[in-house]
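Asks: build the 3D model from these lines:
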Amino acid sequence: MSIIPEKIKGDFVHIVFFWLKNPNSQNDRKIFKKVLEEFIDKNPQVISTHIGEPANTKRHVIDSSYTYSLIVTFPDLETQDAYQVDPTHLLFIEKGERLWEKVLIYDSILK
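Replies: Modelled structure (predicted):
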């Protein structure tokens, strides 16, 4: 039996990688993940999401130096623009930024 891949919901994909200041602190990790989950649960623009940590994969092309990743999708660029100024997003930044030292974002749109 073969698996038929399902198309990701939404034409705009927003991929965020977070490097925590203290990645070995279980308390910081717990706090950050809770803040991230609360944000995603309340945000009205996101149509699908994935919160993850580096997988145990070892190939020279893989960067697993980050602490958490967030993938969210939106129906279009305009919805993503609304997300950027949404109070839930701004509150997440306010609560979470003290915990991270680096954030890297990749945005992709279906054309």
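Asks: show me the contacts for residue 31.
Replies: residue 99 (CB atoms under 8 Å, 6 or more residues apart in numbering). No exception for glycine: its C-beta is placed from N, CA and C like everyone else's.
Asks: got the confidence number for it?
Replies: Residue 31 is assigned 97 on the pLDDT scale.
Asks: all helices for the protein, in order.
Replies: Per DSSP state H, the chain carries helices over the ranges 26-42, 77-85, 87-96.
Asks: export the ones you listed to TSV and tack on distance to residue 17?
Replies: As requested, these are exported to TSV (distance: least, CB to CB, whole Å):
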stretch	distance to residue 17
helix 26-42	12
helix 77-85	17
helix 87-96	13
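Asks: ok, which of those helices comes nearest residue 54?
Replies: helix 26-42 (12.4 Å; CB to CB).
Asks: list the buried ones in the closest one?
Replies: 28-29, 31-32, 35-36, 39-40 (16 or more other CB atoms under 10 Å).
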